[in-house]
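In: make a model of this:
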Amino acid sequence: MPSRRYIFTPPRLPIFRWLVDPGNDVPDEIRNVLLGEIFASPNAVIAGLVNGLILNTVALCLHTGIIFAIFMALDVLLVATRLIVVRLAMKAATSSRPAPTDLYLFTAICWSALQGAMACSALHSCAGQLQILGATTAMALVGPICARNYAAPRYALLLVALTDLPFVGGAALTQDRWLLILLAETPLFLLGVIAVVRRFQLMAIRALKAELDGTNRARHDSLTGLLNRRGLLEALEADFAASQRFIMFYLDLDGFKPINDTFGHHAGDAILGAVAARLRAAVRSTDIVARLGGDEFVIVVPDMPPEHGAALAESVIRRITDEPYLLDNMRPLRIGVSIGFACVPEDASAGDDLHRKADAALYEAKAAGKGTHRRYSPLSTPRPHHPLQPSRLPPPSKKTQDET
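Out: Numbering: from 1, shown residues only. Below is the predicted model of the structure:
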């Protein structure tokens with residue numbers, strides 16, 4: 001999947017949203033990718049301009065009227081506008097600012113209509129060479145339009161129709177009965193266009209869904225659905241690299257091993273899943289919640305001052321411990337939790353040092369009798385290993401591998 005740094009703004013106008021809508025069952029990440037595919041590269045826009053200039057230059061050489069001079073000026077103006085809009089859209093997409101999507105779609109529609117008008121005028125002229133060139137140019141645009149806009153079949157069909165229908169109208173104006181055959185062929189042609197483009201769109205969506213599913217499996221813990229070690233590190237790098245202040249909480253369940261040993265791994269897995277749900281409910285949707293493995297979890301909260309860290313830790317402890325866990329055919333079970341946390345920039349800089357200090361604070365909370373929390377201090381004693389550096393851990397058991 002493309003990087004999350006590239007966010008294309010959906011159209012604002014309802015008609016444009018409908019034209020580019022890929023369907024209700026398409027995830028937002030894939031919608032963004034498909035929307036980005038609609039933005040033609042500068043080379044494609046310039047190639048379209050060259051074709052238009054060739055047609056208009058030939059028309060002017062054949063002295064078929066001032067209309068082609070007007071077409072040429074409009075073509076240059078529209079292409080220049082589209083190039084500017086594409087550049088602005090790409091810059092906006094890389095900085096999560098609103099992109100001029102509506103303007104881009106509108107200029108592309110105008111350009112397609114202009115190409116159709118040029119082809120219509122060429123066929124309506126009396127110059128045989130210009131008629132052939134106009135027909136060839138109009139039909140040659142169909143393939144690139146479909147290829148660039150396969151992600152939005154409705155939009156692609158509109159652009160093709162704006163290019164093709166005026167061309168057919170120009171053929172009808174010649175009053176050549178043989179060219180009237182185009183009137184009968186055009187509906188079948190447009191149906192073929194929408195079928196082909198829709199097929200390519202569905203293939204792209206299936207491929208993107210498979211890629212997204214694979215990425216999610218690699219970044220998420222299969223038992224709890226939370227981020228795993230890799231997902232945590234990637235989320236920190238992607239979402240918190242520019243953050244000036246946040247707090248990292250390390251959590252370790254108290255009394256989990258006796259439950260796991262007494263009632264079996266099935267009960268332990270159920271407890272872990274329930275704890276994960278309570279953790280998600282205890283924080284905001286913008287906060288990060290991850291499972292490192294076993295019964296260790298991490299919460300990362302952006303834009304929180306250090307003096308608020310203890311209150312959140314207390315809230316999380318109550319959320320985990322106040323209510324018993326009700327499992328099928330078993331008596332209610334209770335679990336505790338210890339929390340250690342470190343703050344950026346007061347305690348550590350973002351990176352390995354932050355993880356080490358949050359883990360040291362957790363180790364101190366466990367040593368204090370469990371069921372409590374500690375913020376990192378220079379007196380905190382680090383654990384023998386760093387939890388986010390697998391090379392310092394003993395070889396994992398098969399069960400641990402399955403859990404993570």
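In: neighbours of residue 195, how many?
Out: A count of nearby residues for residue 195, using other C-beta atoms under 10 Å, gives 10. C-beta here means a position set from N, CA and C on the backbone, and glycine is covered the same way.
In: quickly note the distance from it to residue 84.
Out: Going from residue 195 to residue 84 by C-beta to C-beta, to the nearest Å gives 34 Å.
In: and the helix or strand hosting residue 156, what's buried?
Out: Per DSSP states H and E, residue 156 falls inside helix 153-173. The neighbour-count check on helix 153-173 (16 or more other C-beta atoms under 10 Å) flags 153, 155-171 as buried.
In: ditto for stretch 299-318
Out: 299-302, 304, 306, 309, 312-313, 316-317.
In: output these in a markdown table, with secondary structure appended to each entry.
Out: Formatted as a markdown table, these follow (DSSP: H, G, I helix; E, B strand; the rest coil):
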| residue | secondary structure |
| --- | --- |
| 299 | strand |
| 300 | strand |
| 301 | strand |
| 302 | strand |
| 304 | coil |
| 306 | helix |
| 309 | helix |
| 312 | helix |
| 313 | helix |
| 316 | helix |
| 317 | helix |
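In: and the two most separated of those residues?
Out: 302 and 317 (21.0 Å; C-beta to C-beta).
In: re the thing from before, what is the helix holding residue 156 packed up against?
Out: Other elements packing on helix 153-173 under the criterion 3 or more C-beta pairs under 8 Å, 6 or more residues apart in numbering; DSSP states H and E are helix 14-20, helix 101-124, helix 128-140, helix 142-148, helix 181-219.
In: could you chop the chain up by domain?
Out: The record's domain parsing of the chain by automatic domain parsing lists 14-218, 229-403.
In: so what would you say the end-to-end distance of the first one is?
Out: Okay, so that is domain 14-218. 37 Å (C-alpha to C-alpha, to the nearest Å).
In: can you check stretch 278-297 too?
Out: End-to-end for stretch 278-297, by C-alpha to C-alpha: 12 Å.
In: chain center to that stretch, what's the gap?
Out: Between the centre of stretch 278-297 and the centre of its chain there are 22 Å (C-alpha atoms, centre = their mean, to the nearest Å).
In: shaky segments in the stretch 301-404 of the chain?
Out: Judged by pLDDT under 70, the stretch 301-404 of the chain has its weakly predicted residues at 350, 379-404.
In: quickly find the element holding residue 247.
Out: strand 246-254.
In: on contacts alone, who are the packing partners of that strand?
Out: Using 3+ C-beta pairs under 8 Å, 6+ apart, strand 246-254 sits against helix 265-282, strand 296-302, helix 309-321, strand 336-344, helix 352-367.
In: and the longest one, what does it pack onto?
Out: Same thing as helix 265-282. strand 246-254, helix 256-263, strand 288-293, strand 296-302, helix 309-321.
In: repeat that for 7 Å
Out: On a contact count with 3 or more C-beta pairs under 7 Å, 6 or more residues apart in numbering; DSSP states H and E, helix 265-282 meets helix 256-263, strand 288-293, helix 309-321.
In: now swap in the fourth one and tell me
Out: Applying 3+ C-beta pairs under 7 Å, 6+ apart, we find strand 336-344 packed against strand 246-254, helix 309-321, helix 352-367, strand 373-375.
In: ok, residues contacting the last one?
Out: Counting by C-beta atoms under 7 Å, 6 or more residues apart in numbering, the neighbours of strand 373-375 from elsewhere in the structure are 309-310, 313-314, 317, 339-341, 361, 364-365, 368.
In: verify the stated contact: residue 319 with residue 277.
Out: No. Residue 319 is beyond contact range of residue 277, at 10.1 Å (criterion: C-beta atoms under 7 Å).
In: which one's more surrounded, the two?
Out: residue 319 (16 against 13).
In: how many residues are close by the residue nearest to the more buried one when sequence neighbours are not counted?
Out: Nearest residue to residue 319 in three dimensions, chain neighbours excluded: residue 282, at 4.4 Å (C-beta to C-beta, 6 or more residues apart in numbering). Residue 282 sits with 17 neighbouring residues when counted by other C-beta under 10 Å.
In: neighbours around the closest residue to residue 339 other than its chain neighbours, how many?
Out: Closest residue to residue 339 apart from its sequence neighbours, by C-beta to C-beta, 6+ apart: residue 373 at 4.0 Å. By the criterion of other C-beta under 10 Å, residue 373 has 24 neighbours.
In: what about residue 355, how many residues nearby?
Out: With other C-beta under 10 Å as criterion, residue 355 counts 23.
In: about what we covered before: distance to residue 8 for the domains of the chain - can I get that in a markdown table?
Out: Listed next are those as a markdown table, based on distance: least, C-beta to C-beta, whole Å:
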| stretch | distance to residue 8 |
| --- | --- |
| domain 14-218 | 4 |
| domain 229-403 | 17 |
